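Student: Provided below for reference: sequence and predicted model.
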Amino acid sequence: MAPIYNNDTIQAIREILKDVCDPEIPVLTITDLGILRDIRLHDDTIEVIITPTYTGCPAMDTIAMEIRMALLEKGYPKVKVTSVLSPAWTTDWMSTAGKQKLKQYGIAPPDSRMAIPEDGVECPQCHTNHTRLLSAFGSTACKALYQCNDCLEPFDYFKCH
């Protein structure tokens, strides 16, 4: 017999998915990132809609697997994860809590005033703005690499887009 899903199911699934983390930045959940776009119920299948931060983001396959595993562990056997590219993800979809978690983790959160500024990104270590861009690409494509001119620590900046 197929399970019966309803709006309470969607809320229960959202609660489960709040614990699915980004494998590249494990302090952020898919909810913090804003990549969880929708949950749809189709007969006996749950469809989870996600949007990658960047087209071709290598973490998306792992995230899709983690979504399936989290729901399977909670008794939802039929899960379809759909990746959509439109509308394109934007850092505006990140939660305020997610941006704060980034900063505490040592990654400068996105600042909507600047995509990749040449300097002036706040250092997540010593909090000065006396910083400089080293590379438009950091540890992943969604980050740029900076160095603080005061404490000399290198750090990633999560690029806006």
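Tutor: That came through fine.

Student: Show me the domain layout of this protein.
Tutor: Listed by automatic domain parsing, the domain ranges of the chain are 7-89, 96-158.

Student: Against T53, how distant is the most centrally placed residue in the chain?
Tutor: Geometric centre of the chain, nearest residue: L33, 3.0 Å, by CA atoms, centre = their mean. With distances taken as CB to CB, to the nearest Å, L33 is found 7 Å from T53. (Each C-beta comes from the backbone N, C-alpha and C, glycine too.)

Student: same thing with D32?
Tutor: Taken as CB to CB, the span from D32 to T53 is 12 Å.

Student: got it, and N6?
Tutor: Here N6 is placed at a distance of 31 Å from T53 (CB to CB).

Student: More neighbours: those two, which one.
Tutor: Between N6 and T53, T53 has the larger neighbour count (other CB atoms under 10 Å), namely 25 against 9.

Student: Tell me where the chain has helices.
Tutor: For the chain, the helices defined by DSSP state H cover 7-17, 30-33, 59-73, 96-105.

Student: what's the average pLDDT for the second one?
Tutor: This means helix 30-33. Regarding helix 30-33, the rounded mean pLDDT is 96.

Student: so what does that helix touch, helix or strand wise?
Tutor: Where contact means 3 or more CB pairs under 8 Å, 6 or more residues apart in numbering; DSSP states H and E, helix 30-33 is packed against helix 7-17, helix 96-105.
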